[in-house]
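# Return atomic coordinates for the entry below.
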Amino acid sequence: MLDSVGVDAFRPEYDFLSTASPEWGKIALLPWDEEVFGFPVADFELGPNPPQIRDLPLFINALEDFSARTKAQLISTHVQGDDMSTIALIERMGFSLVDFSLTASTSRFKTALTSSSGTALREATAEDHPSICQIAGTGFQFGRYHTDPRFPRELANDRYVHWIRNALSGSNPNNFVFVLGPPGDVVGFMDAVICDGIADLRLAAIDLQKSTGFAGILLYADSIRAVQERGAKSAIAKIAAANTPVMNIFSMLGFQFSSPQATFHWHAPTS
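Have a look, this model is predicted:
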């Protein structure tokens, strides 16, 4: 669900795209994604005074210069989803819309649905890791890399495999991976991080070839129960607005939606 991993060792370091026009914004390479993809990618954050129409040729030159110097093949940027004037400006900069997301959140849990017999949620064990990674590599169609038609699908899949391997590594004691299904034959998983009483539901997927029609509902509802048992008082998740089945599950569980965000990609001329 979420499109960031949050590993301190890979925290991006932002600097001005143009020292002549620092007000345009800052840009940074994304080391974690580069490690997964094998080539540099970057993220651009709009500044307080984005370039005006007359500045666009200079801005595009600065973007292309950054790409040439760093070998960045792709640059992302994010805009508040209801800021139509900025969205129009971003598109004139040469960026293309690839995703539209919402934040799902709740400050008061509804009573979680209970599991059916034999499919109780549990924490993942080492025996589950291969099937979890298999689901992570095949079970996603949303997320900005998956919905960018110019980005290789196999690399988008690899990113989620690396993501869940990191979650399963045990490096963060507040990171939990819950699974449905018997040991070694997982039907679905949920990656969640609990911090300061807030459960961040980061990544979830179901193996559609193994699941029944209720596996998705059970996964989310029982994950809510599981994070409550571990001290969470509320929960958040970032979700693609096009992922209506999961939006409906969140709605049923009492979540509300806010913070619409449009995500754009710029591809280097040589990519």
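# Let me see the domain layout of the chain.
Taking automatic domain parsing as the domain assignment, the ranges for the chain are 8-101+262-267, 106-260.
# and those, which one's lowest on average pLDDT?
Comparing mean pLDDT across the domains of the chain, the lowest value falls on domain 106-260: a mean of 91.
# quick one: it to chain centroid distance?
What separates the centre of domain 106-260 from the centre of its chain is 12 Å, taken as C-alpha atoms, centre = their mean, to the nearest Å.
# the helices in the stretch 1-150 of the chain, which residues?
Residue ranges of the helices in the stretch 1-150 of the chain, as given by DSSP state H, counting those that start in this stretch, are 31-37, 56-70, 84-92, 129-138.
# what comes into contact with the last one?
In this case it means helix 129-138. In this structure, residues lying in contact with helix 129-138 by C-beta atoms under 8 Å, 6 or more residues apart in numbering are 124, 157-158, 160-161, 163-165, 168, 177, 179, 181, 184-186, 188-189, 203, 205-207. Just so you know, the C-beta spots here come from the backbone N, C-alpha and C atoms, and that holds for glycine as well.
# again with the second one
The set of residues external to helix 56-70 that reach it, using C-beta under 8 Å, 6+ apart, is 17-18, 21, 24, 27, 29, 40, 42, 44, 51, 72-73, 75, 92-94, 266, 268-269.
# And for the third one?
Residues from elsewhere that reach helix 84-92, judged by C-beta under 8 Å, 6+ apart: 46, 50-51, 53, 56, 77, 79-80, 97, 262, 264.
# Reformat those residues as CSV; add distance to residue 87 and neighbour count.
Output for those, formatted as CSV (distance: C-beta to C-beta, whole Å; neighbours: other C-beta atoms under 10 Å):
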residue, distance to residue 87, neighbour count
46, 11, 21
50, 11, 18
51, 15, 23
53, 14, 8
56, 15, 14
77, 11, 20
79, 5, 23
80, 9, 13
97, 8, 16
262, 6, 23
264, 8, 22
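# Cross these against strands and list the overlap.
Those of those mapping onto strands are 46, 77, 79-80, 97, 262, 264, per DSSP state E.
# Which pair of these spans the longest distance?
Across these, no pair lies farther apart than 46 and 97, at 15.1 Å, counting by C-beta to C-beta.
# any idea which element the residue nearest to residue 176 when sequence neighbours are not counted lies in?
Leaving aside its sequence neighbours, residue 176 sits nearest to residue 192 (C-beta to C-beta, 6 or more residues apart in numbering; 5.2 Å). Using DSSP states H and E, the element containing residue 192 is strand 188-195.
# Counting by contacts, list what the helix or strand just after that strand packs against.
Moving toward the C-terminus from strand 188-195, the first helix or strand encountered (DSSP H and E) is strand 198-206. Other elements packing on strand 198-206 under the criterion 3 or more C-beta pairs under 8 Å, 6 or more residues apart in numbering; DSSP states H and E are helix 129-138, helix 153-168, strand 188-195, helix 215-229, strand 234-240.
# now the ones you listed in JSON lines, with mean neighbour count and distance to residue 11?
Formatted as JSON lines, these follow (neighbours: other C-beta atoms under 10 Å; distance: least, C-beta to C-beta, whole Å):
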{"stretch": "helix 129-138", "mean neighbour count": "19", "distance to residue 11": "23"}
{"stretch": "helix 153-168", "mean neighbour count": "18", "distance to residue 11": "14"}
{"stretch": "strand 188-195", "mean neighbour count": "23", "distance to residue 11": "16"}
{"stretch": "helix 215-229", "mean neighbour count": "21", "distance to residue 11": "25"}
{"stretch": "strand 234-240", "mean neighbour count": "21", "distance to residue 11": "18"}
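# mind checking which of those is nearest residue 33?
Per C-beta to C-beta, nearest to residue 33 of these: helix 153-168, 6.8 Å.
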